[in-house]
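**Q** here are the coordinates; sequence isn't available:
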């Protein structure tokens, strides 16, 4: 298994004919992802590198059986593009890579999808996700991954790669690595992903990469305490970040006394998560917890 | 039993301090309905005939345990009032009597409620409903009803009273009589009500009163054919209505070739409904079908 | 309320839907001035609320003011399928590169807005739907969020509109939908919506139905009524807040509640008669309302008998009967009344009625009996 | 982007939120003119982005122009919690019958908008929430349909605002919410929102945070930046599309990806050092970007060593290394570099780096090692 994406994924890329969409879409295809269609209004009927282009998502779905949409549409049009993908019957997952979507648009789109199709949305402003050896949807460098038992979920991009790298270096493969993105209203939260990792028999342990801002890590901690039977290894970035400054991500900001890395670390530790202070220790910590796991069995 | 309203109904009236709300609210109370609260913004903390008035529906619900809201708010404010009732936790039924709500407002409110709380909404522009001997919510004259085994559902007001009258005259009591209203987008359709009558063991037969316009009767016919085990007696008004004229109700209009009484009658008959041409024959038709029912058993 | 083309276009222009420049005219002189003011070629269009104006000769091209006046004189007074032309719309002629169809309405079954768009405009859309359904794009719109950009775009591509001007077409559809919502319309239909030689999208026709329930938000819409020639009896009924529709028969009908009145019409027909009207006095009618309703019918010469059918709920039968008796006394009613009452205070009302019963005021025990008696008195049945 | 009070009020006035009339002033002379133009009593308010202005003496009443100029000269140049006052807002004094609090923001946990309203305005809202929670009404708003009328009304009654003017308060809340949405704000907070003696509701303060992601919809908002005194190095970084934040330490940090850079800052601290900045070169950085980033840091005198931490995904390590080598060659960098590279093309990059390795360009195998070496070179650890 794996979560969200695997061999059954049939990918349509919104904005495949744009420079970003093209680069990553075909990089995903080169990894082995089944890229079946692109959507660019006005370019329907053309073809890009053997991939048919459609004017609308629904036409792409009808013609190709696409079941997963990845959005590279520019910020001004991305909210509309996500709504289009959510309305298309047959699309069961939307991955929105686009960075810089206005927060009001994100809030509206998130709630509307929850109230209507309930199609899972990963992102926006996320690196996407990869199930090593099966399917890569997004911008994660597939070369650094290997298939295996560790689920990874993260609010950060390159820090995720760092974590994957540490795992792979120690021979710990990944079931799926999900970048949920750094925006204030991510379509998919830590909790949503943890729920799936818990249900996935292939995933034996989970790495959770948090950062300052919001309360997603605290909510994850509550969920882990109540519902997770698998070991979780955590890392939180931003211990030294000053309050009131956006650290790159729109969501990564310490407001007043809430959202600090220390509070998040404490919450996770109280839920039984092994939290490391140094990302280079992630692999070791996972290996350690998994050893215990094996000896328990 | 009975459907929608019964002895457990705790009624809050939105607009109880207005002339219509007051007249009918207290008429319902006189019938035996448990009228627990009124809502009029700005009049919170006062009392009308022993009924406490609140500024908001949520306060009324918190203070009185109201579970059913009836709306007599004027058309310009009714859509907002319905949304308020739908958002109040604890309200399980909304009955909107108000006539003259703009169609755009109705469409927006209906869809929003479906997408969020899914609180059942009867009306707008309806006479309400009555479970004889138990509870009356709306403007149906309780005196003409009697408790018994016949469910009544209707798009019309006085025509419903006529039907109830014919039943009562023949000693055929009613389980519940529901006036779904004459607007183009009723919150509750024939199908919704038929579903409940089917599930209600007290209801042994159903009278369905349709009229020209739309396709609600046709949809009801489809539902009856597939799902209804109980005998249905139908009547459709408007055989002689000219196309293109609104016959009183905003919904009662024949557009082009669709929505005619003849087509509706045919659809109902094809679904096994006994359709009478004369409302004074309703009682007889019900008695006849119920006799067969008894002899079947 | 169904608007004339020129009224619909006035509203379109107000909310930003692009229409050709035009002027209304009711005389040939006005038509001349309008054409002169607009300049260039103009189209003279009969303002009637019926389809097929063009085929009937109600739409004509004119090269300038003189020709416009000539065409106007031909069209004014013309009878198009029973509609006499009193008004003209003179507008600048447009160069047409393509004709589309677009409409927005409420789909009652789906309870959502419905968009219909076709690249085959300028013809009967039901024929297009029947003959080339692939040329007609249908899309439901959630009224909660309205027409999204992707939906406008999807409509354009699915309907097969010109691809080079797709963005403009999508923008035109969004602006039409905004009009549909912001003007509280039951229907907005544009046939044809044209693509001009310059690549602009214009509404060349406008069929707009306003929701009169929403007039409180648009108080100025009431003034559109002035353009309609209204039956004087209907006008009188409207003034008195009575819901009245003129029909072809001879049995006048008064009842309370639209469903009950429709049902009464049907019963009259079932027993061999025909109703001369639909008149709903509404809920809670009292003496004054009944007198008022009867007085309205005295102005209709086709009435031979009046059937009053009341089921008292809020309405009290004794009050209604009081009104009937009073009206009969003071109005010198030219026809007999058949009266059927049930519901609130009916017992008392029947006693009152029995006291005045005659061949001019005929009580009936049931709807059916009332219909039979009325039809007999009308000399129809 | 956090706006000054006067900028927030300018936006409020633009979208129909009622504010007192006022003028901006940067000199005593301008303060005099502003007061003269406004007439009557005015309030002279220091424009600083920090709470507690009033207590610090940054808000003063003046009876006329002369007094306003006198107060302005006292306030201009004042240091309020580290913020020097360069601008004043002179506005008409309002008669205050009641002080409320109102704010709209996004509740990230609930993923809905959150309204907070209190009858106890003019004080610290966190204190109100702690001491008298019943005086603070909280309500979630669905961004799909926005603040409904009933919600505005509910906020007014639940917060205990004056009942006689409840409609006006509800209308004021709706207009504030409309501002929050239509101006694409992350936060709109008004403390106090006042009820005047004449029963009007006015925003007496304005704390507005704009979402810079939405500036494409509001191109004029860019001009608000001009009012901010920006660190010249931050300005230089912004021009080069680099995400730079100045910090207090001595180890310059360059990395790709916000999370990785934050993590690098933390590691530097963990091994006993401190970062002099946050600098994220973003995804896909090449030679030019790296040169540009290094050049920016040469302008910061507090830097003693620079740690470059790159995890190549889209970013290619060889290109990054090329940029580093080129920059070292042409820029005469005043400090040593510690470089750690992993990911795409890292092998190749490490070879390139090994060729130029020296005490000025120090390769490191891991993040940890890089942090330790950098801190040692900074003379901190």
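**A** Arrived safely, thanks for sending. These numbers come from a predicted model, not from an experiment.

**Q** Find the nearest non-adjacent residue to residue C:31, please.
**A** With CB to CB, 6 or more residues apart in numbering or on different chains as the criterion, residue C:31 has its nearest non-adjacent residue at 3.4 Å, and that residue is residue C:72. C-beta here means a position set from N, CA and C on the backbone, and glycine is covered the same way.

**Q** so what's that neighbour up against?
**A** Contact criterion CB atoms under 8 Å, 6 or more residues apart in numbering or on different chains gives C:25, C:27-28, C:31-32, C:44, C:88, C:90 as the residues in contact with residue C:72.

**Q** Which pair of these spans the longest distance?
**A** C:27 and C:44 (12.4 Å; CB to CB).

**Q** neighbour count winner among those two?
**A** Per other CB atoms under 10 Å in any protein chain shown, whichever of residue C:27 and residue C:44 has more neighbours is residue C:44, with 28 against 14.

**Q** To which secondary structure element is that one assigned?
**A** Remark: residue C:44 resides in strand C:42-46, with elements defined by DSSP states H and E.

**Q** Give the next helix or strand downstream of that strand.
**A** Strand C:42-46 is succeeded, C-terminally, by strand C:59-62 (DSSP H and E).

**Q** Just list the residues touching the nearest residue in space to residue C:207 that is not next to it in sequence, thanks.
**A** Among residues not flanking residue C:207 along the chain, residue C:189 sits closest, at 4.1 Å (CB to CB, 6+ apart). With contact set as CB under 8 Å, 6+ apart, residue C:189 has these partners: C:102-105, C:207-208.

**Q** ok, what's across the strand from residue C:189?
**A** Counting by DSSP bridges, residue C:189 forms beta bridges with residue C:103, residue C:207.

**Q** confidence score at the closest residue to residue C:243 other than its chain neighbours?
**A** Once its chain neighbours are removed from consideration, residue C:243 has its nearest residue in residue C:280; the separation is 4.1 Å (CB to CB, 6+ apart). The per-residue pLDDT reported for residue C:280 equals 94.

**Q** again, but for the one 4 residues further on
**A** On pLDDT, residue C:284 comes in at 80.

**Q** Find the nearest non-adjacent residue to it, please.
**A** Among residues not flanking residue C:284 along the chain, residue C:314 sits closest, at 4.4 Å (CB to CB, 6+ apart).

**Q** That neighbour and residue C:281 touch, don't they?
**A** No: Residue C:314 lies out of contact with residue C:281 (CB atoms under 8 Å); the separation is 11.6 Å.

**Q** Those two - which one has more neighbours?
**A** Between residue C:314 and residue C:281, residue C:281 has the larger neighbour count (other CB under 10 Å), namely 26 against 20.

**Q** can you tell me which residues contact that one?
**A** C:242-243, C:254-256, C:289-290, C:293, C:315.

**Q** okay, who's weakest in those residues by pLDDT?
**A** Per-residue confidence over these reaches its minimum at residue C:315, where pLDDT is 87.

**Q** where does that residue land in three-state SS?
**A** Counting by DSSP: H, G, I helix; E, B strand; the rest coil, the backbone at residue C:315 sits in coil.

**Q** Count residues in the vicinity of it, would you?
**A** Counted with other CB under 10 Å, the burial measure for residue C:315 works out to 26 neighbours.

**Q** Among the contacts of residue C:189, which one sits closest to chain B?
**A** When the contacts of residue C:189 are compared for distance to chain B (CB to the nearest CB), residue C:105 wins out at 9.6 Å.

**Q** Phi, psi for residue C:342 please.
**A** Residue C:342 adopts backbone torsions of phi -150, psi 160, taken as degrees, to the nearest 10.

**Q** how close does it get to chain D?
**A** Note on residue C:342: its distance to chain D, by CB to the nearest CB, to the nearest Å, is 40 Å.

**Q** Check whether that residue really touches residue C:311, as I assumed.
**A** Yes: in this structure, residue C:342 is within contact of residue C:311 by CB under 8 Å, at 5.2 Å.

**Q** The residue nearest to residue C:243 bridge partners, please.
**A** When bridges are called by DSSP bridges, residue C:280 pairs up with residue C:243, residue C:255.

**Q** same check, this time on residue A:151
**A** Residues in a beta bridge with residue A:151, per DSSP bridges, are residue A:206.

**Q** That one: what's it in contact with?
**A** For residue A:151, the residues meeting the contact criterion (CB under 8 Å, 6+ apart) are A:3, A:174-178, A:193, A:197, A:200, A:203, A:205-207.

**Q** mind listing what residue A:46 touches?
**A** Neighbour list for residue A:46: A:52-53 [criterion: CB under 8 Å, 6+ apart].

**Q** just residue C:248 next, same as before
**A** C:274, C:276, C:302.

**Q** Out of these, grab the one that's most surrounded.
**A** Highest neighbour count within those, by other CB under 10 Å: residue C:276, with 25 neighbours.

**Q** Just the mean pLDDT for the longest helix anywhere in chain C, thanks.
**A** If each helix of chain C is counted by residues according to DSSP state H, the longest one is helix C:166-182. When pLDDT is averaged over helix C:166-182, the result is 98.
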